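Peer 1: need a structure here:
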Amino acid sequence: MGEAKQKQIAHFEQNLRFSDEKIGIIKSFFTDNKVLIAVRKVFLQKKLDEVETKIIKGFTKDILDIIENEMIPKLNPDAPLFKVSDWWSTFDFVNMPLEKIAIDVQSREIIVNYLTQQFKFLKGERTNQEILFDDLNYSRNKNLQQGIIELNARNTIIEHLEKVLITFKNFAGEEKETIEQIKERLFKNSNR
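Peer 2: Coordinates of the predicted model:
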């Protein structure tokens with residue numbers, strides 16, 4: 001195999017979002033929409049039915065780790081190159097007015113605290129919920145700025161949750177090549 005193809009394979013391996021093992025876990029758990037809906041209900045603080053409760057209680061450490069890494073990304077120095085991020089590293093405040101920065105920073109703080117709280121609830125480590133999702137809705141009874149901060153947090157939580165669930169659904173239904181299959185395909189293509 002040529003040096004260029006080896007570099008291409010090394011680059012590909014380094015940029016994988018999920019390992020083959022994690023994709024296998026995603027495929028085995030997230031193909032059923034009931035699982036995705038149960039996760040959604042936990043993160044939106046909605047009542048689980050009996051089946052959904054059993055689904056959540058059946059989550060293994062591996063599944064919980066995958067959910068946590070996607071819902072509450074943390075800086076990981078061992079992540080693939082150019083894949084290190086968390087809720088704060090993606091905050092682009094350059095050329096943003098100070099008032100908007102203040103709203104976004106406070107919203108992100110709520111988001112991180114809320115998602116962390118709900119993840120602990122998902123793991124069964126916490127039963128009380130200090131931040132209530134429905135309280136993040138806008139209300140005239142709130143100070144305008146606080147209402148905007150909380151509404152921004154609420155909408156971002158929903159958007160982020162849906163993106164994570166779509167990611168799981170897509171990976172669960174995707175026919176995945178192993179790294180060895182990709183190497184073989186790239187090698188064949190290099191000989192043309």
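Peer 1: Which of the residues in the helix of greatest length in the chain are classified as buried?
Peer 2: Using DSSP state H, we find that the single longest helix of the chain is helix 144-173. Across helix 144-173, burial judged by 16 or more other CB atoms under 10 Å covers 147, 149-154, 156-157, 160-161, 164-165, 168-169, 171-172. Any C-beta I mention is one placed from the backbone N, CA and C, and that applies to glycine too.
Peer 1: elements contacting it?
Peer 2: helix 20-29, helix 33-43, helix 61-71, helix 98-123 (3 or more CB pairs under 8 Å, 6 or more residues apart in numbering; DSSP states H and E).
Peer 1: Which of the ones you listed has the highest mean neighbour count?
Peer 2: helix 33-43 (a mean of 18; mean count of other CB atoms under 10 Å).
Peer 1: got the contact list for that one?
Peer 2: 29-30, 46-48, 51-52, 55-56, 67, 71, 115, 118, 121-122, 157, 161, 165, 168-169 (CB atoms under 8 Å, 6 or more residues apart in numbering).
Peer 1: centre of the chain versus it, how much separation?
Peer 2: Put simply, helix 33-43 sits 13 Å off its chain's centre (CA atoms, centre = their mean, to the nearest Å).
Peer 1: which residues does the residue positioned nearest the centre of the chain contact?
Peer 2: Central residue of the chain (CA atoms, centre = their mean): Glu70, 2.4 Å from the mean position. Contacts for Glu70 (CB under 8 Å, 6+ apart) come out as 164, 167-168.
Peer 1: In a markdown table, list those along with distance to Lys100 and pLDDT.
Peer 2: Below are those laid out as a markdown table (distance: CB to CB, whole Å; pLDDT from 0 to 100):
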| residue | distance to Lys100 | pLDDT |
| --- | --- | --- |
| Val164 | 25 | 95 |
| Thr167 | 28 | 92 |
| Phe168 | 32 | 93 |
